[in-house]
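1. sequence and predicted structure below; questions after.
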Amino acid sequence: MLIDAALTAILLLAAGTVLLPGYLRFMQEHRLVEVNYRGESIPTACGLFLLLVLLIGYLLQKLTGWTTLPSEAEFVLAAVLVGVAGLLDDLIGDKKTKGIANHWRAWLQRGMPSTAVVKAAAAGAAGILLFAGSAASSIEMILHVLLLLLTTNAVNLMDVRPGRALKFYYLQLALLLAAASFGSSAVDPLYSGLGWVFLLPITAGAAVLTYADVKGRAMLGDTGANVLGFTLGCGWVWYASVAAQMTLILLLLGLHALTWKRSLTRMIEGNRWLSFIDGIGRERI
């Protein structure tokens, strides 16, 4: 299984590396760009690239039958749904309104939900689609969807500086693999084809995007943050124990509480070690 996964990763990385330059040119030429924090106009919504790699993996599985590639159409559909909701936010979202409370207030005042509310609804609907058949109770379903919403929004919170969201994704992925591998009844993703099926294509796409994102030459956008956070949430629900899931829910609730009135960037910059990790690979202004 590990050999199959390695071969699959190499294939997806190669395909992504070949396609990325053309993808970024396409986005630039069609003006799907965003001004970053340094005032530069760069391609955005690069979560579409992650979905492209996922769809390549799905197509290859149908053609080859390899067990290390995604075969579950429900997951692919759910990921695309979440990505499209993020793309909607990238294209027409209100960039001035920040925070859950402010989006809720804006909905009440205008009588129309913001694209951020649509994103949350899409992630919740995708979670229900995926977990309806496996949740043992309505309470468990609520916890699973809550975890999914928190991981999705947490990556969104991180995506305000080059590379930060991807570093957060890799950190969470490492924690997930550790939590799934020690002393629980969860499926061990290191030895199960199921684990590679869902994590590998998105992670391969993220790896290909890392250099461009860290160097500030491409932007994940809400599309990418949604897809990465959604993938992490699914991984925690499917592979980690209930105790690990509850611990993560509490940690993420704490993170969201911290950022309710305080700037995450200022908190990171105020900590020497976090600031060092955050700045790795990033070009100075």
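-> Perfect, I can see it now.
2. use CA for all of it now, contacts and neighbours both
-> Noted.
3. mind checking how far the nearest residue to Tyr37 once chain neighbours are set aside is from Leu220?
-> Nearest non-adjacent residue to Tyr37, counting by Cα to Cα, 6 or more residues apart in numbering: Arg161, 7.3 Å away. Separation of Arg161 from Leu220 (Cα to Cα, to the nearest Å): 10 Å.
4. how far away is Ile128 from Ile139?
-> Note on Ile128: its distance to Ile139, by Cα to Cα, is 12 Å.
5. and these two? which has more neighbours close in?
-> Shown here are Ile128 and Ile139; by other Cα atoms under 10 Å, Ile128 has more neighbours (17 against 10).
6. now do the same for the closest residue to the more buried one other than its chain neighbours: its pLDDT.
-> Distances taken as Cα to Cα, 6+ apart place Val145 nearest to Ile128, at 7.0 Å, with adjacent residues excluded. Each residue has a pLDDT score; the one for Val145 is 93.
7. mind listing what's buried along the helix or strand containing Val145?
-> Assigned by DSSP states H and E, Val145 falls within helix 138-158. Residues of helix 138-158 classed as buried: 141-158 (neighbour count, 16 or more other Cα atoms under 10 Å).
8. returning to what we had before: look at Arg161 and Leu220 and report which has more neighbours.
-> Taking neighbours as other Cα under 10 Å, Arg161 and Leu220 compare with Leu220 leading, 31 against 18.
9. quick one, what contacts the more buried one?
-> By Cα atoms under 8 Å, 6 or more residues apart in numbering, Leu220 lies in contact with 44-47, 159, 213.
10. how many neighbouring residues does Val35 have?
-> Val35 has 12 nearby residues by other Cα under 10 Å.
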